[in-house]
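K.L.:
Just need the structure, nothing else, for what follows:
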Amino acid sequence: MQKKVGWLFGALYTISPLIWMLPPMIYRVLNPELGELADEGAYLLMCKEVLPVGMLGLMLGGMVFATSSSVNTTLNISAGVLINDIYKGLFPETSDKKLVKTARIATILLGVLTIIIALLVPLLGGIVEVVMSLAALTGGAMFLPPLWALFSKLQTGKTVLSVTVISLGINAFFKFFAPDLIDLTLGRAMEMGVGMGIPIVLLLGIELYLKYSNSSTSAYDVYETKRQLKVAEPQEAEDGSNNKGTRVIGIGVALTGLLILILSFIGESAQLLVGGMGVSVLVLGLYIIRKTKK
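P.N.:
A predicted model of the protein is given here:
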């Protein structure tokens, strides 16, 4: 099941950039006079041009709820990491009740910080500039070490964390304190190159050192030894929770399709196209609901 989810996730991430980025790119070609931060609203402007009455509101509502859901998930995960991995490590005797209270406070503080950053986005050059700068600073440092560890038997949690922290520190130094030390004439390419190159060099150095150092057994070998000695435990019986979750998703999809179908009768144009899309989504939702009954 996990493998199927992984393949589906990878397939959707392969086609989703085309679905999301093609409309604003087309609108930018049609309206090249967009300047400053106006081009960041190209997707909404494109929706305004082509979507009929009702569908535009549904699209805006979907984008708002999708954004808020993503933000809520990120805030909860971040608060959980801070409490379980940092706060609980510093204060192991803390009761569960106090941990929950502290997690709520952390969520509120992270939310306030998120709002402040969002308000400062226009002053920082727009969301595109902010996202690209954050990707250049943190992308390689955050994702390369764990990905490297997936294919290496020598890396440990300490080495991965060390590379992440050191890379973030070096990238921040070049970005904020000493930008003149690197050739900024190459623009984003050089920024991305530095952000990706530093963790690669550090990981490669650690990999070679651990490979030719026979001082101790690798953490992977220790893990394999413990895994082989461990008695296989019986798997827990499924309680149908996955089936219930799938059914909830099916109901949501079906209701969305029904709403789109209703909007096709309200709009003044493209009724057939909107109605066909609504019927397709409705049938898909009903199919999911029917599959969960088996």
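K.L.:
domain parsing for the chain?
P.N.:
Annotated domains of the chain cover 20-50, 68-120, 125-224, 244-292 [automatic domain parsing].
K.L.:
which stretch among the ones you listed comes nearest residue 3?
P.N.:
In this view, the domains of the chain are compared for proximity to residue 3 by CB to CB, and domain 125-224 is the closest at 15.2 Å. C-beta coordinates here come from the backbone N, C-alpha and C atoms, glycine included.
K.L.:
what mean pLDDT does the closest one have?
P.N.:
Throughout domain 125-224, pLDDT has a mean value of 76.
K.L.:
repeat for stretch 268-288
P.N.:
In this model, stretch 268-288 has a mean pLDDT of 86.
K.L.:
For it, buried residues please.
P.N.:
For stretch 268-288, the buried set under the neighbour-count rule, 16 or more other CB atoms under 10 Å, comprises 274-275, 277-278, 281-282, 285-286, 288.
K.L.:
Can you tell me what sits against that stretch?
P.N.:
Contacts of stretch 268-288 with the rest of the structure, by CB atoms under 8 Å, 6 or more residues apart in numbering, involve 52-53, 55, 246-247, 249-265, 267.
K.L.:
Could you list the low-pLDDT ranges of the stretch 1-150 of the chain?
P.N.:
Within the stretch 1-150 of the chain, the stretches with pLDDT under 70 are 1-2, 34-40, 124-128.
K.L.:
which residues of it fall in strands?
P.N.:
In the stretch 1-150 of the chain, no strands are found when defined by DSSP state E, counting those that start in this stretch.
K.L.:
Could I get the full set of helices for it?
P.N.:
2-30, 42-50, 55-81, 88-90, 96-120, 127-134, 140-150 (DSSP state H, counting those that start in this stretch).
K.L.:
I'd like to know which of these is closest to residue 169.
P.N.:
Residue 169 lies closest, by CB to CB, to one member of the helices of the stretch 1-150 of the chain: helix 140-150, at 9.0 Å.
K.L.:
what packs against the very next helix or strand once past that closest one?
P.N.:
Sequence-wise, the next helix or strand beyond helix 140-150 is helix 157-172, with elements assigned using DSSP states H and E. If you count contacts as 3 or more CB pairs under 8 Å, 6 or more residues apart in numbering; DSSP states H and E, helix 157-172 packs onto helix 140-150, helix 188-211.
K.L.:
Need these in a markdown table (columns: mean neighbour count and distance to residue 88).
P.N.:
What follows is the helices and strands packed on helix 157-172, written out as a markdown table (neighbours: other CB atoms under 10 Å; distance: least, CB to CB, whole Å):
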| stretch | mean neighbour count | distance to residue 88 |
| --- | --- | --- |
| helix 140-150 | 18 | 22 |
| helix 188-211 | 16 | 28 |
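K.L.:
Give me the buried entries from the contacts of stretch 268-288.
P.N.:
52, 55, 247, 250, 253-254, 256-258, 260-261, 263-264, 267.
K.L.:
From these, which land in helices?
P.N.:
When DSSP state H defines the helices, the subset of the buried ones among the contacts of stretch 268-288 inside them is 55, 247, 250, 253-254, 256-258, 260-261, 263-264.
K.L.:
CSV for these, including distance to residue 64?
P.N.:
Conversion of these to CSV gives the following (distance: CB to CB, whole Å):
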residue, distance to residue 64
55, 15
247, 25
250, 23
253, 19
254, 22
256, 15
257, 20
258, 20
260, 17
261, 22
263, 17
264, 22
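K.L.:
Residue 31: which of those residues is nearest?
P.N.:
residue 55 (21.0 Å).
K.L.:
So the closest one is in contact with residue 259, correct?
P.N.:
No - in terms of CB atoms under 8 Å, residue 55 does not count as a neighbour of residue 259; the distance is 9.9 Å.
K.L.:
Got the phi and psi for residue 31?
P.N.:
For residue 31, the backbone dihedrals are phi -130, psi 70 (criterion: degrees, to the nearest 10).
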